[in-house]
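Undergrad: What shape does this take:
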Amino acid sequence: MVQRIAHPIRIVTVCNEEGVITPIRFQVEDETEERFTIIVDKVLKSFEDKQSGARIRRFLCQSVIENRAQQYELSMEIASTRWFITQR
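TA: Numbers count the residues shown, from 1 in each chain. Purely as a prediction, here's the structure:
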């Protein structure tokens, strides 16, 4: 089984007229508590599932970070609207 480590993030999203949420950019902190802004280049996949009984909206995304295309998962806890970046 793959262990997921979720880190809370600050995020900017847009919502279209049908209510579909799209992540645009987010901020993460490194181990020195320096904040970095990452622009979401592509949302590759979006789906909803449950984790420990909580509804989660997941976004598999891609960005160019340090000149390399990298994939990651952004997750929104639907009840609390809290966002996390998940490393696998």
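Undergrad: Name the residue closest to the centre of the chain, please.
TA: Taking CA atoms, centre = their mean as the criterion, residue 74 is the residue nearest the geometric centre of the chain, at 1.7 Å.
Undergrad: list the contacts for it?
TA: Listed by CB atoms under 8 Å, 6 or more residues apart in numbering, the contact partners of residue 74 are 9, 11, 23, 26, 40, 58-59, 61, 83-86. Glycine gets a C-beta too; all of them are placed from N, C-alpha and C.
Undergrad: Report the distance from the lengthiest strand in the chain to the chain centre.
TA: Criterion DSSP state E: the longest strand present in the chain is strand 54-65. Strand 54-65 sits 4 Å away from the centroid of its parent chain (CA atoms, centre = their mean, to the nearest Å).
Undergrad: outside of that strand, which residues touch it?
TA: Taking CB under 8 Å, 6+ apart as the rule, strand 54-65 contacts 21, 23, 38-50, 69-79, 86.
Undergrad: Drop anything exposed from those.
TA: Among those, those classed as buried by 16 or more other CB atoms under 10 Å are 23, 38, 40, 72-76, 86.
Undergrad: Adding distance to residue 32, secondary structure and pLDDT, write the residues you listed out as TSV.
TA: Formatted as TSV, the buried ones among the contacts of strand 54-65 follow (distance: CB to CB, whole Å; DSSP: H, G, I helix; E, B strand; the rest coil; pLDDT from 0 to 100):
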residue	distance to residue 32	secondary structure	pLDDT
23	25	strand	98
38	17	strand	95
40	24	coil	97
72	20	strand	95
73	24	strand	96
74	23	strand	97
75	24	strand	96
76	27	strand	96
86	22	strand	84
